[in-house]
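Colleague: Got a sequence here, can you model it:
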Amino acid sequence: MSNPDAFAASQDLSRSSVPNPNRAELEDLDIAVDWEASLDSTNVRLLASPWPRAEAFQGQQPLVRCLVADHQSAGRGRAGKVWHDEPGASLLMSVSIDRKKQPWPSDLSAFSLVTAVCVAERLESAGPVDGRRLWLKWPNDVVRFQATDEGLAKLVGILIEARQHAGQSRLVIGLGINLLPPRNDVSGPKSLPADGLFSRTLQSVQTLDRAWRLAIAKQLSHDLLGAWIDFEAMGLALFAHRIRSRDALFGRPLLIHDEKQHHGLEALGQGLDERGRLLVLCQRAATEAPCIVAISEGSVRLRHQHKA
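Modeller: Just a heads-up that it's a prediction; the model follows:
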């Protein structure tokens, strides 16, 4: 059984209190940001790009590239879900990190949470986002509470993939950020409704031009590179306080769905464990006492919200 407090309470670390020498070397790294009007998928494009020659690496420094698009014809999300976008209404980007050393960890789910908190912080610092705080919804979404009720609306989707080839490793972090509310919400019955960071005003449309998007993409690229270096060195614990402060599910009544033992399970959110699993307080049978269960896969929604 996991302890919900051991992770969040005892691991309140910060970058300033735990300096990472590997990270300091990359502060001035120039990250190339490329833009295309339309493509199939930024993740697919970077995963399929040629592997660099060995001499392209300088010491142990990784090679980092960012690809931004105004529209994706085959955008993908977690668990094979399709990502729909309206041309010009989203920031669609992927960051690839190539290195010539050991493979990436097989389980990158915990880093999805780190990515989500970094994206939420950067977007809030980039300008007014209609005055509402950005939250994290396990396992990998940036959301906010809808103004009309306590339901959640999705703002950012995240997809992280890894590849290996001839002694090199590639990590690709894909982001789909809804800048403007969709004109037609095509989210399915088991998906969160979509929302946008900014309202559809002339000022918003003019502000969110290509230059603004490319600037934010470059900042996010640096954020995510630094976060990965910190995460690989010190794990999820380094980010525990930041994640906990934005956990949209903590202390709320939930409904858990998966293909195993927790289908339709009513529970109370209890935070995350050190592996990034969702902790919930539940009673699995009338004859059993309530207990804390760690959920590693499946979907979760607020109990009163009709969409998951």
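
Colleague: Give me the most central residue, this structure.
Modeller: With distances taken as Cα atoms, centre = their mean, residue 116 lies nearest the centre of the chain, 3.3 Å away.

Colleague: name the helices or strands packed onto the host helix or strand of that residue?
Modeller: Using DSSP states H and E, residue 116 sits in helix 109-126. Secondary-structure packing of helix 109-126 (3 or more Cβ pairs under 8 Å, 6 or more residues apart in numbering; DSSP states H and E): strand 135-137, strand 141-145, strand 152-165, strand 168-178, helix 210-234, helix 240-244. Backbone N, C-alpha and C define where each C-beta goes, glycine included.

Colleague: Can you give me the buried ones in the fifth one?
Modeller: Residues of helix 210-234 classed as buried by neighbour count (16 or more other Cβ atoms under 10 Å): 213-214, 216-218, 220-231.

Colleague: next one: the second one
Modeller: When neighbours are counted by 16+ other Cβ under 10 Å, the buried residues of strand 141-145 are found to be 141, 142, 143, 144.

Colleague: Any chance of a markdown table for these, columns pLDDT?
Modeller: Below are the buried residues of strand 141-145 laid out as a markdown table (pLDDT from 0 to 100):
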| residue | pLDDT |
| --- | --- |
| 141 | 94 |
| 142 | 96 |
| 143 | 95 |
| 144 | 91 |
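
Colleague: Roughly how far does residue 48 sit from residue 39?
Modeller: Using Cβ to Cβ, to the nearest Å, we find residue 48 at a distance of 11 Å from residue 39.

Colleague: quick one, which of these two is more surrounded?
Modeller: residue 39 (17 against 10; other Cβ atoms under 10 Å).

Colleague: ok, now which ones touch the closest residue to that one other than its chain neighbours?
Modeller: Spatial nearest neighbour of residue 39, chain neighbours left out: residue 69 (5.2 Å); criterion: Cβ to Cβ, 6 or more residues apart in numbering. Applying Cβ atoms under 8 Å, 6 or more residues apart in numbering, we find residue 69 in contact with 35, 36, 37, 38, 39, 42, 92, 93.

Colleague: just those residues now: which is nearest residue 133?
Modeller: The nearest member of the contacts of residue 69 to residue 133, counting by Cβ to Cβ, is residue 93 at 22.7 Å.

Colleague: tell me the SS of the closest one?
Modeller: strand (DSSP: H, G, I helix; E, B strand; the rest coil).

Colleague: Which pLDDT value goes with it?
Modeller: What the model reports as pLDDT for residue 93 is 96.

Colleague: Just list whatever residues bridge to it.
Modeller: residue 68, residue 175 (DSSP bridges).

Colleague: wait, what's in contact with it?
Modeller: 42, 66, 67, 68, 69, 174, 175, 177, 217, 220.

Colleague: will you turn those residues into CSV that also has pLDDT?
Modeller: Shown next, in CSV, are the contacts of residue 93 (pLDDT from 0 to 100):
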residue, pLDDT
42, 94
66, 97
67, 97
68, 96
69, 92
174, 96
175, 96
177, 94
217, 96
220, 97
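
Colleague: need these in TSV with distance to residue 251, can you?
Modeller: As requested, the contacts of residue 93 are exported to TSV (distance: Cβ to Cβ, whole Å):
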residue	distance to residue 251
42	36
66	36
67	38
68	37
69	38
174	30
175	28
177	27
217	34
220	29
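
Colleague: Just give me the closest of those residues to residue 103.
Modeller: The closest of the contacts of residue 93, once distances to residue 103 are taken by Cβ to Cβ, is residue 174, at 19.0 Å.

Colleague: Am I right that the closest one is in contact with residue 160?
Modeller: Yes. Between residue 174 and residue 160 there is a contact under Cβ atoms under 8 Å: 7.1 Å.

Colleague: Can you pick out the residue with more neighbours from these two?
Modeller: The neighbour count for residue 174 versus residue 160, taken as other Cβ under 10 Å, is higher for residue 174 (27 against 23).

Colleague: measure the more buried one to residue 240 for me?
Modeller: 24 Å.

Colleague: how far away is the spatially closest residue to residue 89 that is not a sequence neighbour from residue 225?
Modeller: Closest residue in space to residue 89, ignoring its immediate chain neighbours: residue 180 at 4.3 Å, by Cβ to Cβ, 6+ apart. Residue 180 sits 27 Å away from residue 225, going by Cβ to Cβ.
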